[in-house]
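Novice: following is a predicted model, sequence given first.
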Amino acid sequence: MSLPALDRALAEGVTLVMLTLTNNAAGGQPVSMANMIAVSARCRAAGVPFFLDAARFAQNAWFIHSREPGYSDVPLPELARRMFDLADGCTISAKKDGSAHIGGVLASRRATSSASLCSWRTPPPRLR
């Protein structure tokens, strides 16, 4: 994720940040651990929820393990845990790496209903 673009969006009042792991819209590119750490820190500082679109989390963990310096000795389950630890929640299409033909997951660190996630934070006036 472009950090300067994220900074602008946070300054403009974005109400949730979603980061897609192994982003097909960007040519199937993985997200580095360094980028996830930076995005998470910025969102926490701004008080904005940070979610992962984690349908391809296992593939992304493999890319980090095999390509990003400092992670080749970290086991894949530990890399996955570290990725999820950075986020406030995630969505997962069970149809992809979950090996199911329908369904999905919406997970949040908040003890709340999925309906209340839609009103996590009041949108700024220009988005209402």
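Specialist: It's in.

Novice: check which element follows the helix ranked longest in the chain along the chain.
Specialist: Looking across the chain with DSSP state H, the single longest helix is helix 33-46. Next along the chain after helix 33-46, taking DSSP states H and E as the criterion, comes strand 50-53.

Novice: now do the buried residues in the very next helix or strand once past that following strand.
Specialist: Once strand 50-53 ends, the next helix or strand along the chain (criterion: DSSP H and E) is helix 57-67. Residues of helix 57-67 classed as buried by neighbour count (16 or more other C-beta atoms under 10 Å): 57, 58, 60, 61, 62, 63, 64, 65. For every residue, glycine as well, the C-beta is placed using N, CA and C.

Novice: returning to what we had before: now the longest helix of the chain: average pLDDT?
Specialist: Taken as a whole, helix 33-46 carries a mean pLDDT of 96.

Novice: now do it: distance to the chain's middle.
Specialist: Relative to its parent chain, helix 33-46 has a centroid offset of 10 Å by C-alpha atoms, centre = their mean, to the nearest Å.

Novice: which residues touch residue 82?
Specialist: With contact set as C-beta atoms under 8 Å, 6 or more residues apart in numbering, residue 82 has these partners: 33, 74.

Novice: tell me the SS of it?
Specialist: Remark: residue 82 carries the secondary structure label helix [criterion: DSSP: H, G, I helix; E, B strand; the rest coil].

Novice: so for it, what's the pLDDT?
Specialist: 97.

Novice: and for residue 106?
Specialist: 81.
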